[in-house]
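Undergrad: Return a 3D structure for these sequence lines:
(one chain, ligands or ions: 1)
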Amino acid sequence: MDDKDLMALAVEARERAYAPYSGFAVGAALLGSDGRVWQGCNIENVAFGPTVCAERVAFFKAVSEGVRAFDAIAIAGGPAGEGIAPFTSPCGVCRQVMREFCEDGFRIILGDADGGLRIYTLADLLPASFG
Ligand code: THU
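TA: Take a look at the predicted model:
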């Protein structure tokens, strides 16, 4: 599973986003160290607070199935019904969830509509973290 293929699965997951309030649809594809991929999309709620991001849906699907070792996540976001916006980056809460289960070198893959990729590590996006 290369980075481009993982991003394609994030784009696919994004099609299932439930985002009627923000209108911002996000998909994520989380690569486990065993090679399995866990997809997630954001799921919003009329009460706003229960909303969950695509990344956390992917993590919680995997962890709830007994998987706790991960290599990378690809993220694709943008206005619903449009192509992906450039390089949608994970929110702080999702970064802390990554910190719970991933090493500093965990790779976070962001993309744009032209197939461009920007690759960060968890340590890049959550320096001096609490854990
Ligand atoms: N969102 C994600 O799913 N992941 C991110 O990385 C950023 C934000 C969602 C939350 C909410 O449903 C919508 O995008 C707008 O913030």
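
Undergrad: From now on I want contacts and neighbour counts done on CA atoms only, so please keep to that.
TA: Fine.

Undergrad: list the buried ones in stretch 79-96?
TA: Residues of stretch 79-96 classed as buried: 80, 84, 85, 86, 87, 88, 89, 90, 94, 95, 96 (neighbour count, 16 or more other C-alpha atoms under 10 Å).

Undergrad: how about stretch 44-52, does it get close to the ligand?
TA: Yes. Stretch 44-52 reaches the ligand (C-alpha under 6 Å from any ligand atom) through residue 44.

Undergrad: Buried residues in that stretch, which are they?
TA: 44, 52.

Undergrad: likewise stretch 116-131?
TA: Buried, per 16+ other C-alpha under 10 Å, within stretch 116-131: 117, 119, 121, 122, 123, 125.

Undergrad: Now, the residues you listed that are in strands?
TA: 117, 119, 121 (DSSP state E).

Undergrad: coming back round to it: of the buried residues of stretch 79-96, just say which sits nearest to the ligand.
TA: residue 90 (3.4 Å; C-alpha to the nearest ligand atom).

Undergrad: residues from this protein in reach of the ligand?
TA: Counting by C-alpha under 6 Å from any ligand atom, the residues of the chain lying close to the ligand are 19, 22, 24, 26, 42, 44, 53, 54, 89, 90, 91.

Undergrad: how about these in a markdown table, adding secondary structure and pLDDT?
TA: Converted to a markdown table, the residues of the chain next to the ligand look like this (DSSP: H, G, I helix; E, B strand; the rest coil; pLDDT from 0 to 100):
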| residue | secondary structure | pLDDT |
| --- | --- | --- |
| 19 | coil | 98 |
| 22 | coil | 98 |
| 24 | strand | 98 |
| 26 | strand | 98 |
| 42 | coil | 98 |
| 44 | coil | 98 |
| 53 | coil | 98 |
| 54 | helix | 98 |
| 89 | coil | 98 |
| 90 | coil | 98 |
| 91 | coil | 98 |
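
Undergrad: how close does residue 27 sit to residue 88?
TA: With distances taken as C-alpha to C-alpha, to the nearest Å, residue 27 is found 10 Å from residue 88.

Undergrad: what's the overlap in contacts for these two?
TA: The contact sets of residue 27 and residue 88 overlap at 75, 76, 77 (C-alpha atoms under 8 Å, 6 or more residues apart in numbering).
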